[in-house]
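1. 3D model of this:
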Amino acid sequence: MYNFFIRFGKPLLILTVVVVFIFQGYWLWNTFQSKKKELLDQTKVEMQQILLNKLMGELAKNPEVKSALGKQDGSIKESYKTNKNAEVIVLESSNLKTPEKIKKFNLPDLKTDSLLYSSIKKSMPVLFRYGDIIVYNKAKKVVSTYPAGQAVYTENTTEDISKLYGKGTFSIHIENLFTTTIYSISWAILFSVFYMVLFIGTLFIIYRNLLLNQKLLRNKEVFTRNMTHELKIPVSTILIAAEGLEKYNITNEPEGAKKYVHIIQRAANKLSSLVEAILQNARADEATGKIDLNSVNLLSLLHEVQDNLSVIIEDKQAEIRLMNIGEDMSIKGNYEQLKQIFINLYDNSLKYSDKKPVISVLAVKKNNRIIITIQDNGIGIPRKYEKEIFAPYFRIMNNDLHDVKGFGLGLSFVKSSLIKQNGNIRLLHTTTEGTTIELNIPSYE
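-> Residues are numbered from 1 along each chain as shown. Prediction:
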């Protein structure tokens, strides 16, 4: 299953994101359409209520109607206009005081469209947030608008409703209904965006961790192969030298015996250094607490590092240049770990060089920090590996082969150890002519 996700993880991630985007888009579209219809329906209901309130108010003001209705539980049976443009309301009620049961009353023709406009503005201010409304007054084939002189639209317009008295209908067009609807569902949109960001972010983190784990496993496999090979060489050397030593008569041939003893010693030292490199990295990973930080004289430290690597330096005919490093320049750190840090950095510069190595070390004090620059004339680091060189078990390959012996733990230890000592390391410049690394370490005040 793990290999399946590694192999098809990227297409699955893209497919999942697309599906979720489609689902969220569909949900938001439905929410938008529902809210849009709700606004139109709500406007229509408000119109009906306003017209009904107006009608009942006018009826209540008419003394003849109040007298005829008695307890005012009458209902409208018919309405029409006279030749003089007056509304005629036909009321029917079980409580009418006249024996005819039906009586006609005239009501004045009022400006209902302006009443609708002002009343809707009070009851539904959200409609006026990004635009205006237009009241359509339809009578026969003539459509008047309020405010006057407006165009007539069918889109984003409520259904026609009867005037309750007289012939004709009213409807309302909502300008910028799209923007108004978006504003009304803004919380739903924000929730959807938050959900998408959270979902995609989580997927990205999971996928990235899978890739990192895959890379870590691959590097560990390479480390295991390298470790087996590196350890096998000194062990085989010791075994061969021991077998040869058995054939010698130590008493009669002491010089030959010493030769084999020296071979065994060199192989044992090599084996010890390899084991120490592995243990050193393991100790750095396990050290979660604070380490002891003391005053360390930088010049003395670099001289000791150079002495420890004197055999390799002489063998490579390397040149170490210490520049601008005063005898009183002190850094704050752990002496043993700082020594191992510089040993690792020097060792890399010596190993990764195809000519006479030249290592230049420059130290400058800035405020309460010591900036140490280490530059060599080696083969350099390809730019595609610049961000990976400090990762555990990572080693630069040349044509899919590791040309230089090692485990890929040196720079990883350097970075983790410096961070624990309140320092840092970064790659400044890499070319085919060499590598420049900068260390930033607190000065001892």
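
2. Distance across stretch 113-133, terminal residue to terminal residue?
-> Using CA to CA, to the nearest Å, the gap from the first to the last residue of stretch 113-133 comes to 11 Å.

3. List the pairing partners of the helix or strand hosting Val135 within its sheet, with orientation.
-> Following DSSP states H and E, one finds Val135 within strand 133-139. Strand 133-139 has the following sheet partners, assigned by DSSP bridges: strand 142-146 (antiparallel), strand 169-174 (antiparallel).

4. Tabulate those in CSV, adding columns for distance to Ile331 and mean neighbour count.
-> Any C-beta I mention is one placed from the backbone N, CA and C, and that applies to glycine too. Compiled in CSV, these are given as follows (distance: least, CB to CB, whole Å; neighbours: other CB atoms under 10 Å):
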stretch, distance to Ile331, mean neighbour count
strand 142-146, 83, 14
strand 169-174, 72, 22
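
5. Mean pLDDT and distance to Tyr207 for these - can I get that in TSV?
-> Shown next, in TSV, are these (pLDDT from 0 to 100; distance: least, CB to CB, whole Å):
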stretch	mean pLDDT	distance to Tyr207
strand 142-146	89	58
strand 169-174	92	45
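
6. could you redo those as CSV and give each row distance to Ile161?
-> Shown next, in CSV, are the strands paired with strand 133-139 (distance: least, CB to CB, whole Å):
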stretch, distance to Ile161
strand 142-146, 14
strand 169-174, 6
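
7. So for Pro125, which of those strands sits nearest?
-> strand 169-174 (12.7 Å; CB to CB).

8. Check Lys101 and give its pLDDT.
-> If you check Lys101, the pLDDT there is 44.

9. so how far is Tyr146 from the nearest residue to Thr158 once chain neighbours are set aside?
-> Spatial nearest neighbour of Thr158, chain neighbours left out: Lys44 (4.4 Å); criterion: CB to CB, 6 or more residues apart in numbering. Distance, Lys44 to Tyr146, using CB to CB, to the nearest Å: 17 Å.

10. The chain: helices as residue ranges?
-> Secondary structure of the chain (DSSP state H): helices at 2-61, 63-69, 112-123, 177-184, 186-247, 254-286, 298-308, 310-316, 335-351, 410-420.

11. Ok, which of those helices comes nearest Thr169?
-> Closest approach to Thr169 among those (CB to CB): helix 2-61, 10.1 Å.

12. now the angle between helix 186-247 and the closest one, please.
-> With axes from the mean of the first three to the mean of the last three CA atoms, to 10 degrees applied, the angle from helix 2-61 to helix 186-247 works out at 170 degrees.

13. Tell me what angle helix 2-61 forms with helix 177-184.
-> 110 degrees.

14. Which strands and helices lie in contact with helix 2-61?
-> Packing contacts for helix 2-61, counted by 3 or more CB pairs under 8 Å, 6 or more residues apart in numbering; DSSP states H and E, involve helix 63-69, strand 87-92, helix 112-123, strand 161-162, strand 169-174, helix 177-184, helix 186-247.

15. Look up how far Asn209 lies from the most centrally placed residue in the chain.
-> Of all residues in the chain, the one closest to the mean position by CA atoms, centre = their mean is Gly201, 5.4 Å from it. Between Gly201 and Asn209 the computed distance is 13 Å (CB to CB).

16. Same check on Ala151?
-> In terms of CB to CB, Ala151 sits 59 Å off from Asn209.

17. Alpha carbons of stretch 362-381, as PDB, please.
-> The C-alpha trace of stretch 362-381 is given here as PDB (Å, rounded to 0.1, in the frame of the first residue of the first chain):
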ATOM      1  CA  LEU A 362      38.500  33.600   7.500                       C
ATOM      2  CA  ALA A 363      36.900  34.800  10.800                       C
ATOM      3  CA  VAL A 364      35.100  38.200  11.300                       C
ATOM      4  CA  LYS A 365      33.400  39.400  14.400                       C
ATOM      5  CA  LYS A 366      30.000  41.100  13.900                       C
ATOM      6  CA  ASN A 367      28.300  42.400  17.000                       C
ATOM      7  CA  ASN A 368      28.200  39.400  19.300                       C
ATOM      8  CA  ARG A 369      28.700  36.800  16.500                       C
ATOM      9  CA  ILE A 370      31.700  35.300  14.900                       C
ATOM     10  CA  ILE A 371      31.300  34.700  11.100                       C
ATOM     11  CA  ILE A 372      33.700  32.000   9.900                       C
ATOM     12  CA  THR A 373      34.100  31.400   6.200                       C
ATOM     13  CA  ILE A 374      35.700  28.200   4.900                       C
ATOM     14  CA  GLN A 375      36.600  28.200   1.200                       C
ATOM     15  CA  ASP A 376      38.300  25.400  -0.800                       C
ATOM     16  CA  ASN A 377      39.300  24.800  -4.400                       C
ATOM     17  CA  GLY A 378      37.600  21.400  -4.700                       C
ATOM     18  CA  ILE A 379      35.100  20.000  -7.200                       C
ATOM     19  CA  GLY A 380      32.300  22.100  -5.800                       C
ATOM     20  CA  ILE A 381      28.700  21.100  -5.100                       C
END
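
18. Check what contacts that stretch and list those residues.
-> 298, 323-325, 329, 331, 345, 349, 352-355, 357-361, 389, 396, 427-428, 430-443, 445 (CB atoms under 8 Å, 6 or more residues apart in numbering).

19. Can you list the buried residues in that stretch?
-> Using 16 or more other CB atoms under 10 Å as the test for burial, stretch 362-381 gives 362-363, 369-370, 372-381.

20. Can you list the low-confidence ranges for the stretch 151-300 of the chain?
-> When residues are selected by pLDDT under 70, those of the stretch 151-300 of the chain lie in 165-166, 226, 229, 248-253, 277, 280-290.

21. Equivalent analysis for the stretch 301-445 of the chain, please.
-> For the stretch 301-445 of the chain, applying pLDDT under 70 flags the ranges 397-408, 429-432.

22. and with 80 instead?
-> For the stretch 301-445 of the chain, the stretches with pLDDT under 80 are 382-388, 391-410, 429-433, 445.

23. mind listing the strands in it by residue range?
-> Assigned by DSSP state E, counting those that start in this stretch, the stretch 301-445 of the chain shows strands spanning 319-323, 330-333, 358-366, 369-376, 424-431, 434-442.

24. Trp27 is nearest to which of those?
-> With CB to CB as the measure, strand 424-431 is the member of the strands of the stretch 301-445 of the chain nearest Trp27 (46.5 Å).

25. sorry, back to before: which one of Ala151 and Asn209 has more residues nearby?
-> The neighbour count for Ala151 versus Asn209, taken as other CB atoms under 10 Å, is higher for Asn209 (10 against 7).

26. Can you give me the distance of the more buried one to Gln317?
-> Separation of Asn209 from Gln317 (CB to CB) stands at 46 Å.
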